[in-house]
Structure formats: structure tokens, C-alpha cells
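**Student:** Just a sequence and a predicted model for now, questions to come.
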Amino acid sequence: MQPAALIFDLDGTLLDSAPDIHAVSNAVLEQYGYAPLSFEQVRSFIGHGVPHLVDCLIKASGADPEHGLAERMIPDFNRIYEEAVTLTVPFPGVHAALETLRAAGHPLAICTNKPMGPTRSTLGHFGLTPLFDTVIGGDSLPTRKPDPAPLRQALADLGGGPALYIGDSEVDAETAQRAALPFVLFTEGYRKTPVETLPHARAFSDFAALPGIVAGWPWDAR
Ligand SMILES: O=C(O)COP(=O)(O)O
Ligand SMILES: [Mg+2]
């Protein structure tokens, strides 16, 4: 059988990037005269892309969202975000798992809500760029996840065929469902829902387990 295409989410799935996103958030808040927010607070805002995150920062700071503040903050956020790689680390075993899956013939892609600027810089920083055949970011299309269009575009770029989506969040589960792709949940990312209640076909907490899960696909219906 043709090896399934594997499409990965980025933040909270391949990369533990919340510390950088937290730092960027607080740098922008400081620039606008607002107090810093906690790591847990900012981490809970990750998953829907930058405009949503900035809206959450403004609300959590008690700022008046009526004043076009988000429109001014977003470009400043993106400028700092583009260089924000120093506090980010790949989750353990990511490199090895991706190499194994690629060697087994799986086309690999990324479908993330992170904008393409910081997506490119983090992938480059960790030497991950050559592993992926296509990358769709949060600003690649007019819509972002959970709209299924970005995931469908990633699969189309890979030439179609059978595919799995691998991600960490509620947004990813919904996106996979709407694109009618099986969803594999990485449990150590930034989800807020318990594993049992987040719809998924398979779950894993250690990237060493992923090649085995993929090799066993198609799984028995359950
Ligand atoms: O930028 C975000 O909010 C989240 O990015 P992700 O889609 O890679 O999890
Ligand atoms: Mg994610």
C-alpha cells in the first residue's frame, strides 16, 4: 500500500514553542504599557493563530478592544515573533521519528496556524526544513484551522492519497474531522480538553511510538 502522507501541526506538536510565544506576548504587552501575563495564561491562548492570541492578550490585560489596538499590535507581535527561536525546543524524539517516517517513504507536511515567518525561522533553526515537502502556515490562505482548507491544501500539495493529521489541540481535532482525515493526538502539547474527550483515532505521548502507530495504519475500527 502507498505510504500515508503525514501532516503535522507545529506548535505543541513538533515544537515546544510556548516559552517563546509567552516571551513575545509579554514583550508586546510591555511595549504598549500593559503588565506581563503568566506562562499558563499565554499557553492557553495558543492554537488559533496570532489574531486570536492578540485578542486574548488584550482581553486578559483589561484593555479596551474598541480602539483598534489589535490591528496595531498584530504587526508588532509578528515582527518580534519572526525572530523568536531561542526558547523553543523540539519535543524529545521528533527528529528521529521524522527521519524514520521519511525513510519509510511517507510524504511529510506541516499545517500550522503559526504564521509563515516564524514557521520558516524555527524550522530552519532546528534543521527541519528539508524534511517537509510542503508547509502551510496560518497566513498562507485566507482561512486558518479549524477551517479544513489549509489541511486540504497541504494534502493537495503532497499529491493527495491517504493521509493522517497529527496534532495536539482541539483545533487540530476539529480540522481533521472537517477534512475527513484520521486524527492522531500528541498528548504532551497545549490542549485544554482531557485526552478521553478529545476526538482522536490514536494518541501518543512519546515520538518514539509514532512510527509504530503509523506502520499499523489502517487501524481496526473501534
Ligand atoms: O499559532 C498558533 O496559535 C498555534 O500554532 P499550531 O497550529 O502550530 O498549534
Ligand atoms: Mg498546536
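**Tutor:** Yes, it's here. Ligands and ions are numbered 1, 2, ... in the order given.

**Student:** is the residue lying closest to residue 166 once chain neighbours are set aside in a bridge, and if so with what?
**Tutor:** Excluding the flanking residues, the one nearest residue 166 by Cβ to Cβ, 6 or more residues apart in numbering is residue 184, at 4.5 Å. For the C-beta atoms, the positions are set from N, CA and C on the backbone; glycine is no exception. Counting by DSSP bridges, residue 184 is bridged to residue 166, residue 202.

**Student:** what does this protein have sitting close to ligand 1?
**Tutor:** Within the chain, the positions near ligand 1 by Cβ under 6 Å from any ligand atom are 9-12, 46-49, 53, 112-114, 138, 169.

**Student:** For ligand 2, tell me which of those show up nearby.
**Tutor:** With the criterion set as Cβ under 5 Å from the ion, the members of those near ligand 2 are 9, 11-12, 169.

**Student:** Quick one: mean pLDDT over the helix or strand hosting residue 210.
**Tutor:** According to DSSP states H and E, residue 210 maps onto helix 210-215. Averaging pLDDT along helix 210-215 gives 98.

**Student:** So which bits of that helix are buried?
**Tutor:** Buried residues in helix 210-215, counted by 16 or more other Cβ atoms under 10 Å: 210-211, 213-214.

**Student:** Looking at these, spot the one nearest ligand 2.
**Tutor:** Ranked by distance to ligand 2 (Cβ to the ion), those are led by residue 210 at 15.5 Å.

**Student:** quick one, what contacts the closest one?
**Tutor:** Residues near residue 210 by Cβ atoms under 8 Å, 6 or more residues apart in numbering: 97, 101, 166, 184, 204.

**Student:** Would you mind measuring from it to residue 101?
**Tutor:** For residue 210, the distance to residue 101 equals 7 Å [Cβ to Cβ, to the nearest Å].

**Student:** again, but for residue 52
**Tutor:** Residue 52 sits 30 Å away from residue 101, going by Cβ to Cβ.

**Student:** Between those two, tell me which one has more neighbours.
**Tutor:** Neighbour tally, residue 52 and residue 101, criterion other Cβ atoms under 10 Å: the higher count belongs to residue 101, 22 against 17.

**Student:** Report how many residues lie close to the residue of the chain found nearest ligand 2.
**Tutor:** Nearest residue of the chain to ligand 2 (Cβ to the ion) works out as residue 12 at 3.6 Å. When neighbours are defined as other Cβ under 10 Å, residue 12 has 25 of them.

**Student:** That one against residue 168, yeah?
**Tutor:** Yes: counting by Cβ atoms under 8 Å, residue 12 touches residue 168, with 3.9 Å between them.

**Student:** could I get the buried residues of helix 210-215 as JSON lines with distance to residue 123?
**Tutor:** Shown next, in JSON lines, are the buried residues of helix 210-215 (distance: Cβ to Cβ, whole Å):
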{"residue": "210", "distance to residue 123": "18"}
{"residue": "211", "distance to residue 123": "20"}
{"residue": "213", "distance to residue 123": "23"}
{"residue": "214", "distance to residue 123": "21"}
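
**Student:** Done for today, thanks.
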